[in-house]
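In: Sequence first, predicted model second:
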Amino acid sequence: KFEFDAKSLAGKSITIFEECMLDNIVIAVHKDLDDADQMIHFPKLKTSVKDEVTDMKMVKAEKDMRIIDTVEYHNLKKGKKYKITGTLMDKETGKAARGASGRKITESVVFDGSNFAGKTLVAFEKLYYGDKLYAVHTDLEDEDQTIHVPSAGTTASEKNTGTHHAYAGEYVELTDTIEYRNLLPGETYTLHGTVVEKET
């Protein structure tokens, strides 16, 4: 019986060697790297999430949210059936992200993510063979598993008074201050503003 830390062995295989000794003299050995009966395989998962529409690591918070989670796996046995489950996690809390319906987002193709504005989501995956867990990819800091959901909010005011009231004169100057969160650095963004009459 061997007990050891196998975290560094994901995606690798090991072979167990044996020596039989009598009075400190080796009398038999079994050291065959290619002996399948002596091998243990450690599966490995690697994933990458992105927005289905833009192909970016950023997605809009909306009712019909779609995120593509591509799973790459290594060191599994051919011809066997495995099951992979995925869960979206809230990076800030480290807990399962809950959509607008209050349910955890697991194995869904389309879900209501309208409440995710400003959040950073991380996809966690688990691989099972039967009911046994064989591999996980659950790293909150892995940028490949991470998708950002931007948020934006604005505050409009009259330039001179700094309030939400303006004189209905021939010329008025308004300031619209925009606050945004969770945009990806290094990209160029364009902001469009429109003045809309509330009554009409």
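Out: Perfect, thanks for sending it.
In: which is the next helix or strand following the helix or strand where residue 152 lies?
Out: Per DSSP states H and E: residue 152 is located in strand 151-158. Where DSSP H and E defines the elements, the next helix or strand beyond strand 151-158 is strand 174-181.
In: contacting residues around that next one?
Out: 118, 150-159, 166, 191, 193, 195 (C-beta atoms under 8 Å, 6 or more residues apart in numbering). The way it works is simple: take the backbone N, C-alpha and C, and place the C-beta from them, glycine included.
In: please redo it, this time with the cut-off set to 6 Å
Out: For strand 174-181, contacts defined as C-beta atoms under 6 Å, 6 or more residues apart in numbering pick out 118, 151, 152, 153, 154, 155, 156, 157, 159, 193.
In: how far out from the middle of the chain is it?
Out: 29 Å (C-alpha atoms, centre = their mean, to the nearest Å).
In: neighbouring strands for that strand, and are they parallel or not?
Out: Strand pairing for strand 174-181, using DSSP bridges, gives strand 151-158 (antiparallel).
In: which other residues reach the strand holding residue 152?
Out: Counting by C-beta under 6 Å, 6+ apart, residues outside strand 151-158 touching it are 117, 118, 166, 174, 175, 176, 177, 178, 179, 180, 181.
In: change it to 10 Å
Out: 61, 116-119, 163-167, 172-183, 189, 191, 193, 195 (C-beta atoms under 10 Å, 6 or more residues apart in numbering).
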